[in-house]
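K.L.:
The amino acid sequence is not available; the structure is as follows:
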């Protein structure tokens, strides 16, 4: 009985000490985890924003209204011009492919769909030209088809990109 008098209070003190230390270490681990997440956000957010900026530039650069004006040369024919702009589109996408790790999978799929639709548009427009026609003929067909009132995959990808960026700041 005498021994119980010492063991019970000692066990109670041990249990209380254990609970206090357990809570303290759990809170400390959560605090460190939050600090790490905060530091990661400070590092990752600017990188993600740069990725969104680069993808916006990509979509703007391959937009036929911008790209064809930059690339057209009066001395080239339709087949050469088609080859040149398709090659430039592929290079632009290859150059920016690494940005997909910073954006959502659905946005990257939208961007890939925009690329595929643009390539199909160019190839389809090229079938309406004779290979020896001037490049300006191909360019005018592409721009005419691209500038229809319907939303293009390119503009949908750009809209979705802007929406995703705006979610970061909410």
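P.N.:
Here it is on my side, so go on. Fair warning: this is a prediction, and the values are worked out from it, not measured in the lab.
K.L.:
So for the chain, the centremost residue is which one?
P.N.:
residue 103 (3.4 Å; Cα atoms, centre = their mean).
K.L.:
Give me the phi and psi for it.
P.N.:
phi -120, psi 170 (degrees, to the nearest 10).
K.L.:
so who does it touch?
P.N.:
Residue 103 makes contact with 48, 51-52, 55, 161, 164 under the criterion Cβ atoms under 8 Å, 6 or more residues apart in numbering. From N, CA and C alone the C-beta is placed, and that goes for glycine too.
K.L.:
Same question for residue 60.
P.N.:
Counting by Cβ under 8 Å, 6+ apart, residue 60 has contacts 66, 158.
K.L.:
Now do the contacts for the nearest residue to residue 133 once chain neighbours are set aside.
P.N.:
Setting aside the residues directly before and after it, residue 133 is nearest to residue 78 in space (Cβ to Cβ, 6 or more residues apart in numbering), at 4.6 Å. For residue 78, the contact set (Cβ under 8 Å, 6+ apart) comprises 126, 129-135, 137-138.
K.L.:
Repeat the analysis, applying 7 Å as the threshold.
P.N.:
Contacts for residue 78 (Cβ atoms under 7 Å, 6 or more residues apart in numbering) come out as 126, 129-131, 133, 135, 137-138.
K.L.:
Which pair of the residues you listed spans the longest distance?
P.N.:
Spatial extent of these (Cβ to Cβ) is set by the pair 130 and 135 at 12.1 Å.
K.L.:
Would you mind telling me which of these two has more residues around it?
P.N.:
Comparing residue 130 with residue 135 by other Cβ atoms under 10 Å, the one with more neighbours is residue 135, at 23 against 10.
K.L.:
Give me the distance between the residue nearest to that one when sequence neighbours are not counted and residue 9.
P.N.:
Of all residues not flanking residue 135 in the chain, residue 81 sits nearest, at 3.6 Å (Cβ to Cβ, 6+ apart). Going from residue 81 to residue 9 by Cβ to Cβ, to the nearest Å gives 92 Å.
K.L.:
and those two? which has more neighbours close in?
P.N.:
residue 81 (25 against 10).
K.L.:
okay, that one: pLDDT?
P.N.:
If you check residue 81, the pLDDT there is 94.
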